[in-house]
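Visitor: Could you look at this predicted model? Sequence included:
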Amino acid sequence: DAGVTQSPTHLIKTRGQQVTLRCSPISGHKSVSWYQQVLGQGPQFIFQYYEKEERGRGNFPDRFSARQFPNYSSELNVNALLLGDSALYLCASSWGQSSGNTIYFGEGSWLTVV
Amino acid sequence: AQSVTQLGSHVSVSEGALVLLRCNYSSSVPPYLFWYVQYPNQGLQLLLKYTSAATLVKGINGFEAEFKKSETSFHLTKPSAHMSDAAEYFCAVSEPARGSTLGRLYFGRGTQLTVWP
């Protein structure tokens, strides 16, 4: 079975632009989360979606938004990009939303803002 | 609130030597604890997790970790390092509680492991 898949793998955007990152969870997984990993730091939680509803949001500005589709895939949108948004964006999936579920991560989308 | 402290941003060992990566956490309730590994330009791979069963947890690639509540620690060890273990290791915690933090992982800053031949 395929793992968590993300696209695109790398992209470069200009300040002020908008970006959409996509994620397909492991088959059967209903929970998708997004994390931002800035170089040299651990991942920071952005969003969690379960059964197409937002179940948690980290300390990120409203420029960050996400959604989950009926097939449980997800998109992360970032508007009005800033240089500081340059990071690896990781998508993770799990079967359920509880804290004990094993969370599987994708390879990530590398975003560079210039 | 949960937080994770990984002592030592860089650890270097010789091939065959003991690997010890330190992790301390703070949590208002007994937590779930995880160790992930990240190879260059890749995502995170789960090594092992503690979810309130046995305090000594065995993971993949010969790694294990011991949950010590009195020390609020969850250190990662491997008896004999291999060159292929060179990577960045992240300790993470989540709380088995309802509410907005349910299912959320809080990560440490990571420890870069270098293995010398």
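Guide: Everything's here; your move.

Visitor: ok now stretch A:69-80, how far from the chain's centre?
Guide: 8 Å (CA atoms, centre = their mean, to the nearest Å).

Visitor: ok, now stretch A:60-79?
Guide: On the basis of CA atoms, centre = their mean, stretch A:60-79 sits 7 Å off its chain's mean C-alpha point.

Visitor: Tell me who's in contact with whichever residue of chain A sits closest to chain B.
Guide: Nearest residue of chain A to chain B (CB to the nearest CB) works out as residue A:42 at 3.2 Å. Backbone N, C-alpha and C define where each C-beta goes, glycine included. Residues in contact with residue A:42 (CB atoms under 8 Å, 6 or more residues apart in numbering or on different chains) are B:4, B:90, B:92, B:107-110.

Visitor: For the chain, which segments count as strands?
Guide: Here I'm looking at chain A. For chain A, the strands defined by DSSP state E occupy A:5-7, A:10-13, A:19-24, A:31-37, A:44-50, A:53-57, A:64-68, A:74-78, A:87-94, A:104-105, A:109-113.

Visitor: I was after chain B.
Guide: For chain B, applying DSSP E gives strands covering B:3-5, B:10-14, B:19-21, B:24-26, B:32-38, B:44-50, B:56-58, B:64-68, B:73-78, B:87-94, B:106-107, B:111-116.

Visitor: Any residue of the lowest-mean-pLDDT helix or strand in chain A touching chain B?
Guide: None of the helices or strands of chain A scores lower by mean pLDDT, DSSP states H and E than strand A:53-57, at a mean of 89. Yes - for strand A:53-57 and chain B, the contact criterion (CB under 8 Å from any CB of the partner chain) is met by A:55-57.

Visitor: For that strand, list every residue counted as buried.
Guide: The neighbour-count check on strand A:53-57 (16 or more other CB atoms under 10 Å in any protein chain shown) flags A:55-57 as buried.

Visitor: ok, so of those residues, who is nearest residue A:75?
Guide: residue A:57 (15.3 Å; CB to CB).

Visitor: partner residues bridging that closest one?
Guide: Residues in a beta bridge with residue A:57, per DSSP bridges, are residue A:47.

Visitor: about what we covered before: could you work out the most separated pair of the contacts of residue A:42?
Guide: B:92 and B:109 (11.3 Å).

Visitor: Chain A contacts on chain B?
Guide: In this structure, chain B approaches chain A at residues B:4, B:32, B:34, B:36, B:42-46, B:49, B:51, B:90, B:92, B:94-97, B:100-110, judged by CB under 8 Å from any CB.
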